[in-house]
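**Q** what shape does this take:
(chains A and B)
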Amino acid sequence: MTRTMIRYAPLLILAALWEALTRLGIVPRSLLPPVSDVFAAFVGMLRDGSLLSNAAESFGRGAAGLAAAVLIGFLLGAGMALRPRFHAVIGPLVQAFYPLPKTALVPLVMIWFGLGDIGKIVLIFLGCLLPVTLGTYNGVRGVDRVLVWSARSLGARPREVVLEVMLPAALPQILTGLRTATAFAFLLMVASELIIANNGLGYLIGSLGDNGAYPAMYAAIFTVIALGFCADQAFAALSAHLLRWRA
Amino acid sequence: MSCEAIGARLPGQARPSVPWAWLQGAGLRASGVIAVLAIWAVVGQLGLVRPFLLPPLPAVVAQLGGDLASGGFAISAATTLYRALVGFALACAIGIPVGIMISRHRLVGWFVTPIVSVGFPTPTLAFLPIFMLWFGVFDLSKIVMTAFSTVFTVIAAADAGTRGVERHLVWSAQSLGARRREIFLEVMLPAAMPQILTGLQVALPLALIVEVAAEMLMGGDGLGGRMLQAENYADSVGVYAGIVEIAAVGAVAVALMARLRYRLLRWHAEAAER
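**A** Okay, here's the model as predicted:
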């Protein structure tokens, strides 16, 4: 407990500095509302439910897009690593799609799917697809051949080789790809909701900013940050648990 | 997560020396891309999808040609690249020294580490309204946004790089009488270089992603700003052409970064593998 306190003390120091700067009038309140005001706005938004309902909308979109990307990306990556012909056909497409800044797709998904949920889910799916695909591809491709040969010589069937040898051996890289994908899901969720939406956390931030409700806007922004941080920490804990068999 | 690994060659297969086999491989590799373009052209010709959703391929190509000829593409690309690269350079100028200091100075490490661990997974675009409030809607806020979005990646990479330097290298240099400064400049920094460059290779595409989104949100021309204009005028040809243009800029940026890595790491074992 004390160790966690010491570890995160710098954040408290920053918050205290922020409060002092604004209370003493060194930084004008129109640019930076005091932390205490932001916290009050946060509590108010929790009470009236606007924070939770918008967070639920955002979470649903992010989870749906990410889940689809994990499923398809895993299949694509594993297919590319295990089937050279499939790799030869799909590889160049992946290579062409890889450097595209995915936010460029926002207008395209708007044309195709309108302003509702589906467009945002598709955008998040497309943005998260490649990190998962490349993580799986590099992971499966990097599996030590000797492990596969040993399993085969011990009579393992192809299914067993994939599920019990290749998957665990590729897991670290797959998880790295997933972690990147999770961060991308948050980024694209906020970007698409900021650009155009009528609910969700990104929309909440944008509309509060447009109305000049800055303490509430800061509260919404820090809620997004806290959610991103919690997701990342939960993910790190999950990876540590899944990889506990490693030395 | 390098994309060079998804190279043109089949895994486990050396460069084929027989022309026929090479042709076959090339055909297979091109087939995916050709199939996508062919489906696009055929669907457009047959009118299976409304042209608003999928404008005919020739129209998009014509628009691209027009943008190239009129210089519109050059101006937007230069605007976007200027903002993205200045932001990226700022992130490097701040992030690399800070990342290196994390493991070398305990106080810096204690102070910066939690900030980075919160900032790293944050969807930093959420800060855009704050930066608009502070720095206005012109170039400065976009540059700050890009720098802020990429700096955590750079710090994390520089930290991991210096932390991972083999002790033996440092000890050897020490026992040969190298001074602290020399050890840092001639041992630590080169040894950490591969990881730092990996971080930059992640950060540069991120800079473009954020820059394009920022232009869509704030306007102010650039590739993203022009695409959102096209969207607002329901000009789907412009949207498709915009995606191709942004993709081209992204591809060039990624390729140049890989080239830079190869140049800087000429002495490193990984350069010999190519």
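**Q** for residue A:155, see how far away residue A:138 is.
**A** Computed as CB to CB, to the nearest Å, the residue A:138 to residue A:155 distance reads 29 Å. (C-beta placed from N, C-alpha, C; glycine too.)
**Q** any residue of stretch B:56-75 touching chain A?
**A** No. Using CB under 8 Å from any CB of the partner chain, stretch B:56-75 stays clear of chain A, coming no nearer than 12.0 Å.
**Q** send the alpha carbons of that stretch over as PDB?
**A** Output of stretch B:56-75 as PDB, limited to C-alpha atoms (Å, rounded to 0.1, in the frame of the first residue of the first chain):
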ATOM      1  CA  PRO B  56     -15.900   4.300 -60.000                       C
ATOM      2  CA  LEU B  57     -12.100   3.600 -59.900                       C
ATOM      3  CA  PRO B  58     -11.400   5.900 -63.000                       C
ATOM      4  CA  ALA B  59     -13.000   8.900 -61.300                       C
ATOM      5  CA  VAL B  60     -10.800   8.400 -58.200                       C
ATOM      6  CA  VAL B  61      -7.700   8.000 -60.300                       C
ATOM      7  CA  ALA B  62      -8.700  11.100 -62.300                       C
ATOM      8  CA  GLN B  63      -9.100  13.100 -59.100                       C
ATOM      9  CA  LEU B  64      -5.700  11.900 -57.900                       C
ATOM     10  CA  GLY B  65      -4.200  12.900 -61.200                       C
ATOM     11  CA  GLY B  66      -5.800  16.300 -60.900                       C
ATOM     12  CA  ASP B  67      -4.600  16.800 -57.300                       C
ATOM     13  CA  LEU B  68      -1.000  15.900 -58.400                       C
ATOM     14  CA  ALA B  69      -1.100  18.200 -61.400                       C
ATOM     15  CA  SER B  70      -2.600  21.200 -59.700                       C
ATOM     16  CA  GLY B  71      -0.200  21.000 -56.800                       C
ATOM     17  CA  GLY B  72      -3.100  20.600 -54.400                       C
ATOM     18  CA  PHE B  73      -1.700  17.400 -53.100                       C
ATOM     19  CA  ALA B  74       1.800  18.800 -52.600                       C
ATOM     20  CA  ILE B  75       0.400  21.700 -50.600                       C
END
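**Q** tell me which element the one residue sitting closest to the centre of chain A falls in.
**A** Centroid-nearest residue in chain A, with CA atoms, centre = their mean: residue A:182, separated by 2.2 Å. Residue A:182 is located in helix A:167-195, with elements delineated by DSSP states H and E.
**Q** give the rounded mean pLDDT of that helix.
**A** Across helix A:167-195, the average pLDDT comes to 90.
**Q** mind listing what's buried in that helix?
**A** Of all the residues in helix A:167-195, those buried under the rule 16 or more other CB atoms under 10 Å in any protein chain shown are A:167, A:169-195.
**Q** that helix - contacts with which helices or strands?
**A** Applying 3 or more CB pairs under 8 Å, 6 or more residues apart in numbering or on different chains; DSSP states H and E, one finds that helix A:167-195 makes contact with helix A:50-82, helix A:106-113, helix A:117-141, helix A:201-210, helix A:214-242, helix B:189-218.
**Q** nearest to residue B:143, out of those?
**A** Using CB to CB as the measure, helix B:189-218 is the one of the helices and strands packed on helix A:167-195 that comes nearest residue B:143, at 8.9 Å.
**Q** returning to that earlier point: okay, the angle between the helix holding residue A:182 and helix A:214-242?
**A** Here the directions of helix A:167-195 and helix A:214-242 differ by 170 degrees (axes from the mean of the first three to the mean of the last three CA atoms, to 10 degrees).
**Q** pLDDT below threshold where in the stretch 1-150 of chain B?
**A** Applying pLDDT under 70 to the stretch 1-150 of chain B flags residues B:1-18.
**Q** quick check: closest non-adjacent residue to residue A:124.
**A** Spatially, and ignoring its direct neighbours in sequence, residue A:124 is nearest to residue A:65 (2.8 Å; CB to CB, 6 or more residues apart in numbering or on different chains).
**Q** against residue B:117, how distant is that neighbour?
**A** When distance is defined by CB to CB, residue A:65 is 25 Å away from residue B:117.
**Q** more crowded one of these two?
**A** Using other CB atoms under 10 Å in any protein chain shown as the criterion, residue A:65 and residue B:117 rank with residue A:65 on top: 27 against 18.
**Q** ok, that one touching residue A:118?
**A** No. Applying CB atoms under 8 Å as the test, residue A:65 and residue A:118 come out as separate, 10.0 Å apart.
**Q** pLDDT below threshold where in chain A?
**A** Short version for chain A, where the test is pLDDT under 70: A:247.
**Q** next structured bit after the strand or helix carrying residue B:34?
**A** Remark: residue B:34 resides in helix B:19-46, with elements defined by DSSP H and E. Using DSSP H and E, the helix or strand that directly follows helix B:19-46 along the chain is helix B:57-70.
**Q** elements contacting that next one?
**A** Applying 3+ CB pairs under 8 Å, 6+ apart, we find helix B:57-70 packed against helix B:19-46, helix B:72-104, helix B:236-264.
**Q** want to throw the ones you listed into a markdown table with mean neighbour count?
**A** Below are the helices and strands packed on helix B:57-70 laid out as a markdown table (neighbours: other CB atoms under 10 Å in any protein chain shown):
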| stretch | mean neighbour count |
| --- | --- |
| helix B:19-46 | 13 |
| helix B:72-104 | 20 |
| helix B:236-264 | 19 |
